[in-house]
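J.: prediction below, plus the sequence it came from.
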Amino acid sequence: MTLTLLVQSVLAGLTNGFVYGLIGLGIAVVFRGARIINAMQGDLALIGSVVAYLIAVSLGLPMILGFLLGVVAGGVTGFLVDRLMIRPTAKRRGTEDSFLLVTLGGAFAVSATVLLYFGRDSYVLPGIGGNAMVDVFDAAMRVHAIWLIVISTGVVLALRWFYAKTAIGQAMLAASIDPEGALTLGINVGWMRTMTLALGGLVGGLAGVLVAPLINIQYEMGLLLTLKGFAAAILGGLTSPFGAIFGGVILGLVEALAVVTISSGYKDVVAMTLLIAIMIAMPQGLFGRRGRLGG
């Protein structure tokens, strides 16, 4: 294996890892704030990417407008998921399994809707910098992939500040950790959960507009992204947004190195084997304890 091939594999792994990490980040945000595993997270990214494509490509409006409306569409969908699906289920004293199943049903509904109106065709969303590439030790990396990594890192830092330094962020955490105690302090627990789902939706929409230029938009992408994102979130620790990104990077690098050292057919086997081993050794994930303490 040449140095160039190794570097190319690492760059591909980093790019894929941040893709997985972005989806896992949204899953971690929702679980941390509402104790709900949102099986729709990848489909929120699908919604964001479809809206961005319709605005920027189909209508020919400025790309930045398409990106912004794609992110907003994810946030609005997250808000509606809580109001139309999570809240009615909670009123009927639904269990954790109920929340998982209702969001899984929502994911299938989104995929079916995209299939109905867009068919099985794939669509490409232009990225930041177009198709421009940069050379790294004779290996090529898209400019958009660099922006994805930079923006993802910035979002993680912003969320860390939000939860640690803002009253709303701390109220969201309090409502999640001790709902009864939060109520005695005058915190509207239901509204905090709604804001958490909306925040997770914004992260999902952002993931969609950043991921779409790297992988084609098509109706099945939501479920595939959810599975990889969930693996990243579990690996890093479900309560840690930073852990989700870190878990995604580990997953992406392991997959990329498995492709060049073993076979592309075994990349998922190797990655999932690593995930199982870490879960046995550290059931809370790599950063689970830190996440519970507010990290």
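T.: Here it is on my side, so go on. Since this is a predicted model, take the numbers as computed values, not measurements.

J.: please enumerate the strands of this structure.
T.: With DSSP state E, the ranges of strands along the chain come out as 133-136, 139-142.

J.: most neighbours per residue, which of the ones you listed?
T.: For those, the largest average neighbour count (mean count of other C-beta atoms under 10 Å) is found in strand 139-142, namely a mean of 18. In short, each C-beta sits where N, CA and C put it, glycine included.

J.: show me how far that strand is from its chain's centre.
T.: Centroid separation for strand 139-142 versus its chain: 24 Å, with C-alpha atoms, centre = their mean, to the nearest Å.

J.: which residues touch that strand?
T.: Strand 139-142 is contacted by residues 4, 7, 8, 11, 15, 127, 129, 131, 132, 133, 134, 214 when judged by C-beta atoms under 8 Å, 6 or more residues apart in numbering.

J.: just the buried ones from these, in PyMOL syntax?
T.: To isolate the buried subset of these in PyMOL, counting by 16 or more other C-beta atoms under 10 Å, use the following:
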select buried, resi 7+8+11+15+127+214
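
J.: now for the contacts of strand 139-142, which pair is the farthest apart?
T.: 4 and 127 (23.4 Å; C-beta to C-beta).

J.: I'd say residue 181 and residue 173 touch.
T.: No. Using C-beta atoms under 8 Å, residue 181 is not in contact with residue 173, being 11.7 Å away.

J.: count of residues packed around residue 137?
T.: When neighbours are defined as other C-beta atoms under 10 Å, residue 137 has 11 of them.

J.: what residues does it make contact with?
T.: For residue 137, the contact set (C-beta under 8 Å, 6+ apart) comprises 3, 4, 7.

J.: just the contacts of strand 139-142 now: which is nearest residue 249?
T.: For these, the nearest to residue 249 is residue 15 (9.9 Å; C-beta to C-beta).

J.: and the closest one, how far from residue 149?
T.: Taking C-beta to C-beta, to the nearest Å as the measure, residue 15 falls 7 Å from residue 149.

J.: got a list of what the closest residue in space to residue 72 that isn't next to it in sequence touches?
T.: Distances taken as C-beta to C-beta, 6 or more residues apart in numbering put residue 205 closest to residue 72, at 6.8 Å, once the chain neighbours are dropped. Residue 205 makes contacts with 44, 45, 47, 48, 51, 70, 71, 72, 73, 74, 75, 77, as judged by C-beta under 8 Å, 6+ apart.

J.: from residue 86, how far out is the spatially closest residue to residue 37 that is not a sequence neighbour?
T.: For residue 37, ignoring the flanking residues on the chain, the nearest one in space by C-beta to C-beta, 6+ apart is residue 100 at 5.3 Å. Applying C-beta to C-beta, one obtains 11 Å for the distance of residue 100 from residue 86.

J.: comparing those two, which shows the higher neighbour count?
T.: The neighbour comparison of residue 100 against residue 86 (other C-beta under 10 Å) goes to residue 86, with 27 against 15.

J.: please tell me how far that one sits from residue 192.
T.: Going from residue 86 to residue 192 by C-beta to C-beta gives 12 Å.

J.: returning to what we had before: out of the contacts of strand 139-142, which is nearest to residue 263?
T.: Out of those, the member with the shortest distance to residue 263 (by C-beta to C-beta) is residue 8, at 16.9 Å.

J.: and residue 166, what pLDDT?
T.: Here the pLDDT value assigned to residue 166 is 89.

J.: re the thing from before, could you check how far the residue nearest to residue 72 is from residue 37?
T.: 19 Å.

J.: ditto for residue 281
T.: Remark: distance between residue 281 and residue 37 (C-beta to C-beta) = 22 Å.

J.: so between these two, which is more surrounded?
T.: residue 37 (19 against 8).
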